[in-house]
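**Student:** Requesting a structural model of the entry that follows:
(one chain, ligands or ions: 1)
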Amino acid sequence: MSKKIAIHETAFVTSAFRAADKNLSKDMYAHLWPGDITKKHAEDYAGNVSKHEPFAHCLRNRYFFETIQDLVAIHEIEYLINFGCGFSMYPFVLSKNLKHIEVDKSDVIAFKKDRISNWMTQEILPYREIQYIAADFNNENFDELRTKITTILKGSSSFILIEGVLFFLGKDDTLRLFNLFNSIQQPNDYIGSVSYRPQLEQTMVFQKLISFVEGNLDKNAQFNYQTIPDEYYSSLENYSLTDHQHTLNLARKYAPDTTIEPSEVLNEHMYILKKK
Ligand SMILES: C[S@@+](CC[C@H](N)C(=O)[O-])C[C@H]1O[C@@H](n2cnc3c(N)ncnc32)[C@H](O)[C@@H]1O
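**Tutor:** Here you go, the predicted structure:
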């Protein structure tokens, strides 16, 4: 049996999916990350869960790329703070005027920082200002993380992105994270969040995801296949929901000629929140 996939290694798989169609994802650097083992994991995952997963990940990246780019163009945000950034490459495809804070587990951050620095030196990547912070969202106390971020931001406007992460976390960690977001953001700042809805749990494709995760992912104690209802986002006291999309909508918008079987899509929901 092949070795189990560690949670942080899921970020390589996501990169492999985004590299599947660069024109659609707009991530022209995703191909730099996956090696042969990752490509095999990505094939196994798509083969056992849903063949539409590479397409779905390209759509998700395209949506956030366009949303963030539009906000930068109208000077609404100065920093992108990517929580559970994995190996996403927004810094290099978005305007060079945007500054970046990338947060993830220490092994992802150490590996990413080293690789990115080398690729910038070799001019494989353009230069960008990126601050890296190692953090574990399962930790009970976010005081140190809050201080690190607010020290960098110094009151600057921000877009917080959390994509492909909440499924791996529990409800308490999620609530504490959204409290953290509220405490570091100013009015008119943004959050982009991605999650599955509870309704998806009844579907065959979600059951396939659970089976795959059970058999192949090296889960930690806090892992609980989290899904989140729309009401969580629409009832946040300090944020207004300004946009809500899902994979099937985005497919119609960005790839109307691609044929998909909706019942085989792990339909993810994307929410844009604006601080009141
Ligand atoms: C599926 S990857 C998604 C990466 C990236 N957001 C993307 O869309 O390409 C999940 C990421 O969440 C991070 N992650 C999961 N649990 C975490 C935790 N408890 N603390 C910090 N990061 C975590 C993983 O290390 C990984 O980089």
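**Student:** Get me the contact residues on the stretch 51-200 of the chain for the ligand.
**Tutor:** Residues of the stretch 51-200 of the chain lying close to the ligand (C-beta under 6 Å from any ligand atom) are 84-86, 88, 104-105, 108, 135-138, 163-165, 168. In this view, the C-beta of every residue, glycine as well, is placed from N, C-alpha and C.
**Student:** Make a PyMOL selection of the buried ones in the residues you listed.
**Tutor:** A single PyMOL command selects the buried members of those (16 or more other C-beta atoms under 10 Å):
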select buried, resi 84+85+86+88+104+105+108+135+137+138+163+164+165+168
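**Student:** which ones among the residues of the stretch 51-200 of the chain next to the ligand are found in strands?
**Tutor:** Asp104 (DSSP state E).
**Student:** Nearest the geometric middle of this structure, what residue?
**Tutor:** Central residue of the chain (C-alpha atoms, centre = their mean): Glu163, 2.4 Å from the mean position.
**Student:** how close does it sit to Asn216?
**Tutor:** Going from Glu163 to Asn216 by C-beta to C-beta, to the nearest Å gives 21 Å.
**Student:** The stretch 51-200 of the chain: strands as residue ranges?
**Tutor:** 79-83, 99-104, 130-134, 158-162, 190-195 (DSSP state E, counting those that start in this stretch).
**Student:** then the third one to CSV, C-alphas only?
**Tutor:** Coordinates of the C-alpha atoms in strand 130-134 are reproduced here as CSV (Å, rounded to 0.1, in the frame of the first residue of the first chain):
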residue,chain,number,x,y,z
ILE,A,130,5.6,38.2,0.8
GLN,A,131,5.7,37.7,4.6
TYR,A,132,5.4,34.1,5.7
ILE,A,133,3.9,33.0,9.0
ALA,A,134,3.9,29.5,10.4
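**Student:** Between strand 79-83 and it, find me the angle.
**Tutor:** Between the axes of strand 130-134 and strand 79-83, defined by axes from the mean of the first three to the mean of the last three C-alpha atoms, to 10 degrees, the angle is 30 degrees.
**Student:** what's strand 130-134 in contact with?
**Tutor:** Applying C-beta atoms under 8 Å, 6 or more residues apart in numbering, the contact partners of strand 130-134 are 91, 99-106, 109-110, 112-113, 116, 145, 148-149, 152.
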